[in-house]
Structures are given as structure tokens and as C-alpha cells.
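Trainee: here is a sequence with its predicted model. Questions after.
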Amino acid sequence: MYQASRGGGYAPLAPTYAAEPNGRFSFSFPATRRAGYVLRATAPPGYFTEWGLAPSLRAGRPNTGLVVPVRAPAWVRLQLVDEPPHSRVSLFISGYEGNGDRLYAPHDTVLIRPSLAGFVGKIIWVLTDEAGVDRQREQAVQPGALDTVLVRIAF
């Protein structure tokens, strides 16, 4: 459970509560009417509730029958291939969890980045050449639960 903080975002509240094997749970806590709360769940090996899907709780109202959705993790394997003739480029890659990656003069390498399973998304990359000209490419991805999808980026 997380409580809305005054500076924006949410701060975790202790303790955590365990669910029964069938997924049912109940708990109580001293809530204040001036604060908002969200409920998130986690489970091994990395399942979690996305912030935007977490149900909200409020003091003074019955919070029963809540469903806390849990998503499976997945990964994107970014295979960077520096094809001849080798040139100095800058590369920005996005479309997975986080803010993306900017690489200056990248070489052949592999990056593994977290993603969410079951969603159709796009990995987008922008190559900036030596003259400052941008070229954008993209590839649709839909990783399965606990799976990794490959995206080959040649430059």
C-alpha cells in the first residue's frame, strides 16, 4: 500500500500484507481522510501491479471487492549491430520501461531492458548521423510472460 505524498507521487506504507493462496486478502490500517492511497501487489518472479491500474482506497468508505491486477514481467533484447561502413552516430532507443537509452558512438552490443508482458508496443530508435540528421525506425513487439523479444538495430 502507498500513501499520496505532499510533493507528488506515493510513499510506501509499512507493513506489507500477504494474500491467501487463493489471492484473497484483508487488512486494516489507520487512514486519514486527507490522504489518498493505492494498493499494489507483487509476486515472484517479478509480477507487479502497474501504478495506473492500482485501485485507490479512501478513509471512511468500504473498500471491499477490490481487484488488484498483477502483470507479468518480460524483457526486450536490443541487439545493436554496427554495420560497415562504420560511422559515428548517436542512438536513442525507447519503448520499454524507463526513460530510454541514449548512446554516443555505439558499437556492437546487446542491451536487455524490462518490459510488460501481453501488451503490443513499439521499440523506437532514432539514429543521428555525423551531420545531425535524424532517422527514426520502429519495431512492434508483444513479449509473452517471462519471455524476451529480440529487436535488431543495425546502424
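Mentor: Noted; the coordinates are in hand.

Trainee: report pLDDT for residue 118.
Mentor: Looking at residue 118, its pLDDT is 87.

Trainee: name the nearest residue to the residue sitting nearest the centre point of the chain, ignoring sequence neighbours.
Mentor: The centre of the chain sits closest to residue 97, judged by CA atoms, centre = their mean, with a distance of 3.5 Å. Leaving out its chain neighbours, the residue that sits closest to residue 97 by CB to CB, 6 or more residues apart in numbering is residue 114, at 4.3 Å. The way it works is simple: take the backbone N, C-alpha and C, and place the C-beta from them, glycine included.

Trainee: what about the closest residue to residue 18 other than its chain neighbours, how many residues nearby?
Mentor: Distance criterion CB to CB, 6+ apart; nearest residue to residue 18, sequence neighbours excluded, is residue 25 at 7.4 Å. By other CB atoms under 10 Å, the residues close to residue 25 number 13.

Trainee: I figured residue 25 hits residue 19, correct?
Mentor: Yes. Using CB atoms under 8 Å, residue 25 is in contact with residue 19, at 4.2 Å.

Trainee: perfect, that will be all.
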